[in-house]
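Q: This is a predicted model, with the sequence first.
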Amino acid sequence: MPRDYSRPQRVGDQIQRELSELIRQELKDPRVGMLTLSGVEVSRDLAHAKVFFTVLGDAQAIAGTTEGLRRAAGFLRRELGRRMRIRTVPELHFHYDDTQVRGARISALIDEAVAEDRARHGDDPPADEPDPA
């Protein structure tokens, strides 16, 4: 019976938990403020890990956080090696996760299209909804 949860996924989940704690407790870089690790994708050979994060703020805050994390990657990798029981700790690559921003933009576009449609066709109820009267 094959596993539903592969080793790279398990390692990625553990890296995410450990990194969250390390960044919160050990990282002293002022550029890295409040952030959320949204996911970790580990390569099949466990040599590389893409760490996705979100942070509140403008493009400057995102760039500063990204640079702070990239500079701390060696320290974080070494600390992961001390905390985790794996032979090789993956090389960490940090990426800003813009899925929430893209999702909000798509939602706004849908709302805009619905509003335009209502303005064009009036406030008639859609054909699939019964008339409330």
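A: Nice, I can see it. Numbers count the residues shown, from 1 in each chain.
Q: Only C-alpha atoms from now on, for both contacts and neighbour counts.
A: Noted.
Q: Pull out the buried positions in the lengthiest helix in the chain.
A: In the chain, taking DSSP state H as the definition, the longest helix is helix 99-121. Across helix 99-121, burial judged by 16 or more other C-alpha atoms under 10 Å covers no residue at all.
Q: Output it as CSV, nothing but the C-alphas.
A: The C-alpha trace of helix 99-121 is given here as CSV (Å, rounded to 0.1, in the frame of the first residue of the first chain):
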residue,chain,number,x,y,z
THR,A,99,-1.1,33.8,-3.7
GLN,A,100,-3.2,35.9,-1.2
VAL,A,101,-2.6,39.0,-3.2
ARG,A,102,-3.4,37.3,-6.5
GLY,A,103,-6.6,35.7,-4.9
ALA,A,104,-7.7,39.1,-3.7
ARG,A,105,-7.2,40.6,-7.1
ILE,A,106,-9.1,37.9,-8.8
SER,A,107,-12.0,38.3,-6.3
ALA,A,108,-12.0,42.1,-7.0
LEU,A,109,-12.1,41.5,-10.7
ILE,A,110,-15.1,39.0,-10.3
ASP,A,111,-16.9,41.5,-8.1
GLU,A,112,-16.3,44.3,-10.7
ALA,A,113,-17.6,42.1,-13.5
VAL,A,114,-20.7,41.2,-11.5
ALA,A,115,-21.3,44.9,-10.8
GLU,A,116,-20.9,45.8,-14.5
ASP,A,117,-23.2,43.0,-15.5
ARG,A,118,-25.9,44.2,-13.0
ALA,A,119,-25.5,47.8,-14.2
ARG,A,120,-25.8,46.7,-17.9
HIS,A,121,-28.8,44.4,-17.4
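Q: How far off centre is that helix?
A: What separates the centre of helix 99-121 from the centre of its chain is 23 Å, taken as C-alpha atoms, centre = their mean, to the nearest Å.
Q: and if you look at stretch 10-24?
A: A distance of 13 Å separates the C-alpha centroid of stretch 10-24 from that of its chain, computed with C-alpha atoms, centre = their mean.
Q: Stretch 28-39 too?
A: Relative to its parent chain, stretch 28-39 has a centroid offset of 12 Å by C-alpha atoms, centre = their mean.
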